[in-house]
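Colleague: quick check, what structure comes out for this input:
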Amino acid sequence: MGLYEEEGRWKVITAGVVICLLLVAAAVLILRGGPVRVAWDRDHVPPGGDALLYVIVKNTSNYVYRNVAIYVRPLTPYLSVFSEQNMDPHLFVIEALPPGAEARARFLVKVARSAYSGDHMVEVSVATPGETYVLQTGIRVG
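Modeller: Prediction:
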């Protein structure tokens with residue numbers, strides 16, 4: 001085997017290792033999750049029932065987040081949203097969130113008796129200092 005062939009083989013091996021490392025790094029970022037996550041207390045709800053939606057916000061910065069606004073808007077007329085704070089029915093405000101800390105906002109989502117079977121969606125907006133995150137999540141009715 002010549003020197004040229006051996007050098008080419010090492011380049012292929014090195015490229016393969018770099019690609020594997022990049023894939024592992026991407027998987028870690030995806031599995032770790034971002035600064036905003038949502039979770040439901042159940043997988044589905046009957047028409048006329050309700051479910052709890054949790055919005056979890058993590059401060060990934062080095063400074064205190066002040067007045068983080070979480071707004072949940074139904075994307076279907078068959079859902080009604082109520083904030084645990086009872087101020088604005090769609091709004092939850094986290095007054096202060098230290099670096100590295102997590103806070104959880106809770107919303108009651110009521111489903112109309114006339115709702116059809118299937119997925120019904122809400123839009124979640126989280127405004128942190130310097131960035132706004134928008135997610136869509138849904139609950140299965142039926």
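
Colleague: point out where the protein drops to low pLDDT.
Modeller: Counting by pLDDT under 70, the chain has low-confidence residues at 1-8, 10-33.

Colleague: adjacent strands (with direction) for the helix or strand harbouring N67?
Modeller: Counting by DSSP states H and E, the element that carries N67 is strand 65-74. Next to strand 65-74 in the sheet, as set by DSSP bridges, lie strand 91-97 (antiparallel), strand 118-128 (antiparallel).

Colleague: now those as JSON lines including distance to G48 and mean neighbour count?
Modeller: C-beta here means a position set from N, CA and C on the backbone, and glycine is covered the same way. Putting the strands paired with strand 65-74 into JSON lines (distance: least, CB to CB, whole Å; neighbours: other CB atoms under 10 Å) gives the following:
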{"stretch": "strand 91-97", "distance to G48": "25", "mean neighbour count": "17"}
{"stretch": "strand 118-128", "distance to G48": "13", "mean neighbour count": "17"}
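
Colleague: any chance of TSV for these, columns distance to Q136?
Modeller: What follows is the strands paired with strand 65-74, written out as TSV (distance: least, CB to CB, whole Å):
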stretch	distance to Q136
strand 91-97	17
strand 118-128	5
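
Colleague: between those strands, which one is closest to G34.
Modeller: In terms of CB to CB, the element of those nearest to G34 is strand 118-128, at 10.2 Å.
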